[in-house]
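S.K.: Could you work out the structure for the sequence below:
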Amino acid sequence: MIEAGVDLDFPATLRDLGPVDAMVQVAGRCNREGRCPEARAYVVPLEGGGAAHVYGAVHLHVARRLLEGVTELPEARYPEWVERYFREAHRRLSQERSEALWKAYTRLAYDRLESEDPALSEFHLIESPEQIPIFVALTPKRERWLLTSFKPEVLDEGDPQRRQAGYLRYRRALHDFTIRPLLRRARQNLPPAVGEAGGLRWIPHGQLERFYDMETGFRWTPEELAGAWIE
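M.R.: Numbers count the residues shown, from 1 in each chain. Model prediction:
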């Protein structure tokens, strides 16, 4: 397993069949720095791999159908491919649950700390301690990118298709500067939301000392920091 924020680059990748967005994420590790004129990301369904138990039968069925007859897919078609996947999965999942998930996805609503609307953190493929994504503006340049590029083209974009395309375009840059502390601790010292309440959180460059330590990472409250070392 590779943490999203770790800068690793591979000349080729190999992955079991899974949700389309997860397969695209692995492909993002292939020739990440553009050192090769061409690189390939292979998808090989493993017999008895147990992917259906991890992701659910619906996600695997939709991904398998989208790959039928496909031997090669250029990177330029990834946004279209991901969109088709979400639309088909949306149709097949229970209407109420899928509508809630789609709404949370288009809003990039990760938590519901300040909103009663459903959030992405409530939909789990694998049970694990709940985390919250927080963008860290380590430099003024990163802060300008978040506020002048990512926010208007993704968070504030009203058209779902353009919003999704923008997110896929900027996802790598977003993940490179995003940390994911445990929500139960982070809620004691939560940084502000970028846009609407319940959306993506961020640490402004001018508030780094309050929320982030360059050596230890996210700053807990003094009480939480003391507890973190004895659990």
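S.K.: And the helix ranked longest in the chain, what does it pack against?
M.R.: What stands out as the longest helix in the chain, according to DSSP state H, is helix 160-176. Here helix 160-176 touches helix 78-92, helix 95-107, going by 3 or more Cβ pairs under 8 Å, 6 or more residues apart in numbering; DSSP states H and E. C-beta here means a position set from N, CA and C on the backbone, and glycine is covered the same way.
S.K.: and the angle from the longest one to helix 160-176?
M.R.: Inter-element angle recorded for helix 78-92 and helix 160-176: 110 degrees (by axes from the mean of the first three to the mean of the last three Cα atoms, to 10 degrees).
S.K.: Can you report the mean pLDDT over the residues of helix 78-92?
M.R.: For helix 78-92, mean pLDDT is 82.
S.K.: Name the nearest residue to Arg64, ignoring sequence neighbours.
M.R.: Leu17 (6.4 Å; Cβ to Cβ, 6 or more residues apart in numbering).
S.K.: OK, contacts around the one you found?
M.R.: Residues near Leu17 by Cβ atoms under 8 Å, 6 or more residues apart in numbering: Met23, Val43, Val44, Pro45, Leu46, Gly49, Ala51, Leu60, Ala63, Arg64, Leu67.
S.K.: Among those residues, the buried ones, what's the PyMOL command?
M.R.: Selecting only the buried entries of these in PyMOL, with 16 or more other Cβ atoms under 10 Å as the criterion:
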select buried, resi 23+43+51+60+63+67
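S.K.: So for the contacts of Leu17, which is the shakiest by pLDDT?
M.R.: Minimum confidence in the contacts of Leu17 sits at Gly49, scoring 67.
S.K.: returning to that earlier point: measure the residue nearest to Arg64 to Leu46 for me?
M.R.: Note on Leu17: its distance to Leu46, by Cβ to Cβ, to the nearest Å, is 8 Å.
S.K.: how is the protein carved up into domains?
M.R.: Per automatic domain parsing, the structural domains of the chain span 1-93, 110-231.
S.K.: can you map out the strands along the chain?
M.R.: Per DSSP state E, the chain carries strands over the ranges 12-15, 40-43, 134-136, 178-179, 201-203, 212-213, 217-218.
S.K.: what's the second one packed up against?
M.R.: With contacts defined as 3+ Cβ pairs under 8 Å, 6+ apart, the secondary structure elements packing on strand 40-43 are strand 12-15, helix 20-27.
S.K.: Outside of that strand itself, which residues are in contact with it?
M.R.: Residues outside strand 40-43 that contact it (Cβ under 8 Å, 6+ apart) are Ala12, Thr13, Leu14, Arg15, Asp16, Leu17, Met23, Val26, Ala27, Cys30, Leu67.
S.K.: in that strand, what's buried?
M.R.: Ala41, Val43.
S.K.: Would you mind giving the contacts of strand 40-43 as a markdown table with distance to Gln164 added?
M.R.: Supplementary listing: those in a markdown table, determined by distance: Cβ to Cβ, whole Å:
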| residue | distance to Gln164 |
| --- | --- |
| Ala12 | 27 |
| Thr13 | 23 |
| Leu14 | 26 |
| Arg15 | 22 |
| Asp16 | 24 |
| Leu17 | 22 |
| Met23 | 16 |
| Val26 | 19 |
| Ala27 | 17 |
| Cys30 | 21 |
| Leu67 | 20 |
